[in-house]
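> Sequence unavailable; structure follows:
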């Protein structure tokens, strides 16, 4: 068990990052958020007496050590550029993210961090059917997944070289406040709130969705108790059919609204079953998701209504 | 079958690169070698009327297009920095190599190349026992292997985006003139030529060695006939016990010399069997090694004597 007093978080403006900052601060851990200068999402960062924001360029993260005079216990590296759309296959940009991750390790070492927790992705596996485990073979199919894989592998060795422990979370589908507006969950909520009828495939896919606060709890537990060198697939560990998720989204907005299931064909090579094997995560750190999909969606809808 | 009239080669000063330039030139293909300014190994590049050397910085490869006014058919990207010693785990350096490979794709596109052949490595697989196939799961264990894997995956997609065909050779142990002086073969030859008694493990490992000229022939065949998108493990496809290789090296220098087999213990986690599965390579491009180990070693010893 590593005791955390101070933590650094990069990538704190997204769904997982905002939840993580809040979870850490509520556990009375002092959080320094590293935020890109000029970030348009800066306002997403939770305001809390234990949270301090420091602006730092991802390309020169190690220089932030000068400003951060205190030592830190844990480094959560969630920052990544080019996470959606065509940028996912901009290879130069994706490869730059690997360098940013290595910069993060340099900074973690300067600050005396004991543990580095990195945010990987299900995209590292590529198009796999079945339960995703740490040792499931990886065949990433886009630049984003390739670079996440490379960053996880390189930061593991870089941390070992510096005596920092390392865990890597391969995150499956997470939803919640501050999620990407084009995600399945958020685009569905937005369409329904606008009075539109969202269009879907038949929805027989069995997928694994995790609420952002549960993901944040898991990352904190990994920092406290994760086994160094481990890769942890991070999801709820359970699946539902996509049509059930869609029904829950609709019900949270207004049960009377229509959704067009079957209006779209399945994409070519659609993955029909995807689930994180969280048995090693549960065993090593005691993680169990606490928020049901219905509850998480209701929170997300409430948040979306307030925007 | 792609007809090659003009080719670009990077990394032309090593064992495979020098052999490749010679093989291409002897097939009457015009070769432009891209060489780092100030390269101390520049003199290794074969001199031949069909070979032209052009100096270019790996970080700005695409700028070389200005000097290379003619279009090209094939781009062979073999250049890599930090291939031996501690540099293999210098993550920033290894990650830079990925960027250089992406620069190479940019240049290949500028020059109208039809096919991009990249030099990967057995290190992409990590510590695997058995026959190495294109779809053998990869668990690279050092920065060099991680970056080679990433470069292969990223350049494949980058080439697809630009309409360039792509093959990636995962090269096992190659020996021959201009090989790294610390390799098993070359260090053994050097020691024996100096009159020293080289020290080895018991030598029961079954490994796969390929002569550099055969490797070069394979790369040329991949450029001509390789299936786009393929990964080809490249070795002889056959193994011998390491002690037999060592005996052949000794015999080529002087059969009367002693070698100290068993003087060293096996390293921890020693891989005892390693062999390229070249069945798809043979089927797709018709590659078969032509040079026996004894013959290749004799050529290498003759070359080493002349140095």
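In hand now; what should we look at? Computed from a prediction, not measured in an experiment: that's the story for all the values here.
> Might you report the residue contacts of the closest residue to chain B within the stretch 201-307 of chain A?
Nearest residue of the stretch 201-307 of chain A to chain B, counting by Cβ to the nearest Cβ: residue A:231, 10.5 Å away. Backbone N, C-alpha and C define where each C-beta goes, glycine included. Going by Cβ atoms under 8 Å, 6 or more residues apart in numbering or on different chains, residue A:231 touches A:120, A:134, A:152, A:167-170.
> and what of residue A:233?
Taking Cβ under 8 Å, 6+ apart as the test, what residue A:233 contacts is A:122, A:132-134, A:136, A:169-170, A:172, A:276-278, A:281.
> again, 7 Å this time
Neighbour list for residue A:233: A:132-134, A:170, A:172, A:276-278 [criterion: Cβ atoms under 7 Å, 6 or more residues apart in numbering or on different chains].
> Nearest spatial neighbour of it, chain-adjacent residues omitted?
residue A:276 (4.1 Å; Cβ to Cβ, 6 or more residues apart in numbering or on different chains).
> Buried residues in stretch A:52-66, which are they?
Neighbour-count burial for stretch A:52-66 flags A:53, A:56, A:58, A:61-62, A:64 (criterion: 16 or more other Cβ atoms under 10 Å in any protein chain shown).
> So which bits of chain A are right by chain B?
Residues of chain A lying close to chain B (Cβ under 7 Å from any Cβ of the partner chain) are A:89, A:91-92, A:95, A:98-99, A:102, A:137-138, A:140, A:143, A:146, A:150, A:153-154, A:157-158.
> Are any of those residues buried, and if so which?
Neighbour-count burial (16+ other Cβ under 10 Å) applied to those gives A:89, A:91, A:95, A:98-99, A:102, A:138, A:140, A:143, A:146, A:150, A:153-154, A:157-158.
> if we can go back for a sec, going by distance to residue B:176, which of the contacts of residue A:233 wins?
residue A:134 (39.3 Å; Cβ to Cβ).
> just checking, which of the contacts of residue A:231 belong to helices?
residue A:152 (DSSP state H).
> how about the contacts of residue A:231 in TSV, adding neighbour count and pLDDT?
Putting those into TSV (neighbours: other Cβ atoms under 10 Å in any protein chain shown; pLDDT from 0 to 100) gives the following:
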residue	neighbour count	pLDDT
A:120	24	98
A:134	13	92
A:152	24	98
A:167	27	98
A:168	29	98
A:169	26	98
A:170	27	98
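> Please name the bridge partners of residue A:209.
Note on residue A:209: beta-bridge partners by DSSP bridges are residue A:173.
> what's the neighbour count on it?
Residues lying near residue A:209 (other Cβ atoms under 10 Å in any protein chain shown) number 23.
> Just the ones of the buried ones among the residues of chain A next to chain B in strands?
Residues of these located in strands (DSSP state E): none.
> Which of those residues fall in helices?
Those of these lying in helices (DSSP H): A:91, A:95, A:98-99, A:102, A:143, A:146, A:150, A:153-154, A:157-158.
> okay, those residues in JSON lines with pLDDT and distance to residue B:13 next?
Below are those laid out as JSON lines (pLDDT from 0 to 100; distance: Cβ to Cβ, whole Å):
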{"residue": "A:91", "pLDDT": "98", "distance to residue B:13": "26"}
{"residue": "A:95", "pLDDT": "98", "distance to residue B:13": "25"}
{"residue": "A:98", "pLDDT": "98", "distance to residue B:13": "27"}
{"residue": "A:99", "pLDDT": "97", "distance to residue B:13": "27"}
{"residue": "A:102", "pLDDT": "97", "distance to residue B:13": "28"}
{"residue": "A:143", "pLDDT": "98", "distance to residue B:13": "30"}
{"residue": "A:146", "pLDDT": "98", "distance to residue B:13": "28"}
{"residue": "A:150", "pLDDT": "98", "distance to residue B:13": "27"}
{"residue": "A:153", "pLDDT": "98", "distance to residue B:13": "28"}
{"residue": "A:154", "pLDDT": "98", "distance to residue B:13": "27"}
{"residue": "A:157", "pLDDT": "98", "distance to residue B:13": "28"}
{"residue": "A:158", "pLDDT": "98", "distance to residue B:13": "29"}
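> how far away is the closest residue to residue A:110 other than its chain neighbours from residue B:198?
Distances taken as Cβ to Cβ, 6+ apart place residue A:65 nearest to residue A:110, at 3.9 Å, with adjacent residues excluded. Per Cβ to Cβ, to the nearest Å, residue A:65 is found 47 Å from residue B:198.
> For the closest residue to chain B within the stretch 51-200 of chain A, give its distance to residue B:63.
Going by Cβ to the nearest Cβ, chain B is nearest to residue A:137 of the stretch 51-200 of chain A, at 3.6 Å. The spacing between residue A:137 and residue B:63, counted by Cβ to Cβ, is 39 Å.
> who are the neighbours in contact with residue A:147?
Counting by Cβ under 7 Å, 6+ apart, residue A:147 has contacts A:94-95, A:97-98.
> quick one, what contacts residue A:59?
A:100, A:103.
> Quick check on it: phi, psi?
Main-chain torsions, residue A:59, degrees, to the nearest 10: phi -80, psi -20.
> before we move on, what about residue A:188?
Dihedral angles of residue A:188 (phi, psi; degrees, to the nearest 10) stand at phi -70, psi -50.
> pretty sure it is in contact with residue A:248, am I right?
No: using Cβ atoms under 7 Å as the test, residue A:188 is too far from residue A:248 to be in contact (10.0 Å).
> what residues go with each domain of chain A?
Following automatic domain parsing, one finds the domains of chain A at A:6-174+A:211-235, A:176-207+A:239-275+A:293-305.
> Just name the most buried of those.
Among the domains of chain A, ranked by average contacts under mean count of other Cβ atoms under 10 Å in any protein chain shown, first place goes to domain A:6-174+A:211-235 (a mean of 21).
> Now do the end-to-end distance for it.
One end of domain A:6-174+A:211-235 sits 26 Å from the other (Cα to Cα, to the nearest Å).
> how far does that domain sit from the chain's center?
Relative to its parent chain, domain A:6-174+A:211-235 has a centroid offset of 8 Å by Cα atoms, centre = their mean, to the nearest Å.
> the residue most distant from the middle of chain A, which is it?
In chain A, the greatest distance from the average C-alpha position (Cα atoms, centre = their mean) is reached by residue A:256, at 32.2 Å.
> can you give me phi and psi for that one?
As for residue A:256, its main-chain torsions (degrees, to the nearest 10) stand at phi -90, psi -10.
> How about the contacts made by residue A:132?
Taking Cβ under 7 Å, 6+ apart as the criterion, residue A:132 is in contact with A:122, A:125, A:170, A:233, A:275-277.
> typo on my end, it should be residue A:222
A:117, A:167, A:169, A:232, A:285.
> Please identify which helix or strand holds it.
For residue A:222, the enclosing helix or strand under DSSP states H and E is helix A:212-225.
> May I see the contacts of residue A:222 arranged in a markdown table, with distance to residue A:192 as well?
As requested, the contacts of residue A:222 are exported to a markdown table (distance: Cβ to Cβ, whole Å):
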| residue | distance to residue A:192 |
| --- | --- |
| A:117 | 35 |
| A:167 | 37 |
| A:169 | 30 |
| A:232 | 33 |
| A:285 | 36 |
